[in-house]
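**Student:** pasting the sequence and the predicted model now:
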Amino acid sequence: MKNIKTIIFLIASGISITGCMKDLKNDDFSDDAISATITVTVNMPAGYNYPTEGLPVYFVDPSSGLKFCDTTDAAGVATIRVPHGAYVATTETKHSVSGGVIYIFNGTSEKIRVTPKDPRSVSSTINLNVSKAGQIVLKELYYGGCMNPATGKSYSKDTYFILYNNSDEVAYLDSLCLGVADPYNAPTSGKTSNWVKPGTTELRDSVPIASFGWMFPGNGTSYPLQPGEQAVVSLNAIDHTTTSITSVNLGKPGYWAAYDPLLTRGQSTPNAGVNLMQGFWKVGTATSWVVSSLSPAVILYTMGGKTPEQFVADTYTWNPGYATNRNFDCLMVDKNLVIDGVECFRNDTDSKRLRPEIDNGYTKTDGSGQGQSVHRKIDAQATIAAGGRIVYMDTNNSSNDFEKRATASLVGVN
């Protein structure tokens, strides 16, 4: 019996670690009554012949908090012995090609159940998905609100997102779109999204955008974003510190507001100098754009060269979970049109809304109303290589790329 190649993490321990460390625990799970061997084969997508040897494969049981790791062999196979549970295996890798393009490969297995009724060995596969790293990324999501010391209550009208040019070339905001995925909150344990392929638990190849479609205006080069520059987008573009001193000033000239005087009359009128995004689609009777304060999934996307009218006509879809209620209809954005996406969970047992090509993981805060945000981690090596211009992690896996911050980055910024 070989030594187990694993790390066990108990949620209560608070231990976190990166990379795939092995042999920290040397005891074998040798009792067939309480454990079994999982074998996972990693496959490249059709048309890509990069090696699958040496990839770290992470095995996680969300219910128990147990986490294990093994590395694939020359055949792309990871083998590990684990105690009984229900595991999900994930892995990712990236490869750079000429022209500065970075291909990101990642994937997640179906749930792997290891129970006393199972044989001593259980097999599964991870079929990798491919995507490209984009110029503009979602740098920070502040969505849970803050505690207002004057009232002792949570203040949640100050949601904002920060977009960042993570590349070394000028990028343009023009015609870039912003949306939140349906459902607004991540499905809780035991539930899945309504938007799966028939007869499977696999998410569809398009992301359902809920409620509103927002687009940056411009003629293609009207709103440049230089390398290392950022754009702040809010729902209520005012100085929120006048209501709560723990909040943020989102009413600064040059900031952006997802606001339309007709479509979102329930939101605050932006301060002078704030740029307005264009609301190109709305469904239902809501007068405000709703973004979950608990667990949103946010994407940046393009229309693929279509006009807003044609894009809406081509992508408008009834919500399968609300067959008779048109207030929940969505726009279906093809995964290949998504520039970046971040999925937020309340609990590790929540279910996904974004496909692995977009976000192969998730990030979360400790709850709403505490002033926390989720923020990209700095890629130290890439930042050094860029001469000090900050480059953020971008593996299309929020579990790796993001961290929780106790205080949002714009708090205290005048």
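**Tutor:** Perfect, thanks for sending it. Numbering: from 1, shown residues only.
**Student:** please make it C-alpha for all contacts and neighbour counts, starting now.
**Tutor:** OK.
**Student:** which residues touch stretch 113-126?
**Tutor:** Applying Cα atoms under 8 Å, 6 or more residues apart in numbering, the external contacts of stretch 113-126 come out as 32-43, 83-87, 89-91, 107-110, 112.
**Student:** try it again at 10 Å.
**Tutor:** By Cα atoms under 10 Å, 6 or more residues apart in numbering, the list of residues contacting stretch 113-126 from outside reads 31-44, 57, 61, 76-91, 106-112.
**Student:** from the residues you listed, keep the buried residues only.
**Tutor:** 35-44, 57, 61, 76-91, 106-109, 112 (16 or more other Cα atoms under 10 Å).
**Student:** of the residues you listed, which belong to helices?
**Tutor:** Secondary structure assignment by DSSP state H places none of the buried ones among the contacts of stretch 113-126 in helices.
**Student:** quick one: residues contacting the closest residue to Ala286 other than its chain neighbours.
**Tutor:** The shortest distance from Ala286 to any residue that is not its chain neighbour, by Cα to Cα, 6 or more residues apart in numbering, is 7.8 Å, and that residue is Thr264. If you count contacts by Cα under 10 Å, 6+ apart, Thr264 has them with 212, 235, 258, 279, 282, 286-289.
**Student:** same thing with Gly144?
**Tutor:** Shown here is Gly144, whose contacts under the criterion Cα under 10 Å, 6+ apart are 154-160, 291-296, 365-374.
**Student:** how close does it sit to Ala186?
**Tutor:** Gly144 is 14 Å from Ala186, where distance means Cα to Cα, to the nearest Å.
**Student:** do the same with Val338
**Tutor:** Between Val338 and Ala186 the distance is 19 Å, computed by Cα to Cα.
**Student:** who's more crowded, the two?
**Tutor:** Comparing Val338 with Ala186 by neighbour count (other Cα atoms under 10 Å), the higher total belongs to Ala186, at 26 against 23.
**Student:** tell me which element that one is part of?
**Tutor:** Element membership for Ala186 (DSSP states H and E) is empty, with no helix or strand holding it.
**Student:** next one: Thr383
**Tutor:** With the criterion set as DSSP H and E, the secondary-structure element containing Thr383 is helix 380-385.
**Student:** please list all residues in contact with the closest residue to Leu128 other than its chain neighbours.
**Tutor:** Closest residue to Leu128 in three dimensions, ignoring its sequence neighbours and counting by Cα to Cα, 6+ apart: Gly107, at 4.6 Å. Listed by Cα under 10 Å, 6+ apart, the contact partners of Gly107 are 42-44, 57, 89-93, 125-130, 355-357, 359-361, 397.
**Student:** could you rerun that using 7 Å?
**Tutor:** Residues touching Gly107, when contacts are defined by Cα atoms under 7 Å, 6 or more residues apart in numbering, comprise 90-92, 126-129, 356, 360.
**Student:** redo the residues you listed as a markdown table? Include pLDDT.
**Tutor:** Shown next, in a markdown table, are the contacts of Gly107 (pLDDT from 0 to 100):
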| residue | pLDDT |
| --- | --- |
| Thr90 | 94 |
| Thr91 | 95 |
| Glu92 | 91 |
| Ile126 | 96 |
| Asn127 | 95 |
| Leu128 | 94 |
| Asn129 | 90 |
| Pro356 | 92 |
| Asn360 | 94 |
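**Student:** reformat those residues as TSV; add distance to Val274.
**Tutor:** Formatted as TSV, the entries for these read as follows, by distance: Cα to Cα, whole Å:
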residue	distance to Val274
Thr90	42
Thr91	41
Glu92	39
Ile126	45
Asn127	45
Leu128	42
Asn129	39
Pro356	35
Asn360	34
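**Student:** closest to Arg326 among those?
**Tutor:** Pro356 (28.5 Å; Cα to Cα).
**Student:** what about the closest one, distance to Thr365?
**Tutor:** With the distance defined as Cα to Cα, Pro356 ends up 21 Å from Thr365.
**Student:** just checking, what packs against the strand ranked longest in the chain?
**Tutor:** With DSSP state E applied, the strand covering the greatest number of residues in the chain is identified as strand 85-96. In terms of contacts (3 or more Cα pairs under 7 Å, 6 or more residues apart in numbering; DSSP states H and E), strand 85-96 is packed against strand 56-61, strand 102-108, strand 112-114.
**Student:** and the angle from that strand to strand 102-108?
**Tutor:** When axes from the mean of the first three to the mean of the last three Cα atoms, to 10 degrees is applied, the directions of strand 85-96 and strand 102-108 differ by 170 degrees.
**Student:** contacting residues around strand 85-96?
**Tutor:** Counting contacts by Cα under 7 Å, 6+ apart, the residues touching strand 85-96 from outside are 55-61, 102-115.
**Student:** also stretch 172-189?
**Tutor:** Surrounding stretch 172-189, the residues in contact under the criterion Cα under 7 Å, 6+ apart are 193, 207-210, 212-225, 291-292, 294-302, 345, 349-353.
**Student:** now which of these would you call buried?
**Tutor:** In terms of neighbour count (16+ other Cα under 10 Å), the buried residues within these are 193, 207-210, 212-217, 225, 291-292, 294-302, 345, 349-353.
**Student:** tell me where the stretch 251-400 of the chain has strands.
**Tutor:** Under the criterion DSSP state E, counting those that start in this stretch, the stretch 251-400 of the chain carries strands at the ranges 256-257, 275-276, 278-282, 297-301, 316-317, 330-334, 338-343, 373-376.
**Student:** need these in CSV (columns: distance to Cys69 and mean pLDDT).
**Tutor:** Supplementary listing: the strands of the stretch 251-400 of the chain in CSV, determined by distance: least, Cα to Cα, whole Å; pLDDT from 0 to 100:
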stretch, distance to Cys69, mean pLDDT
strand 256-257, 42, 98
strand 275-276, 46, 98
strand 278-282, 44, 97
strand 297-301, 27, 97
strand 316-317, 40, 96
strand 330-334, 32, 97
strand 338-343, 23, 96
strand 373-376, 24, 98
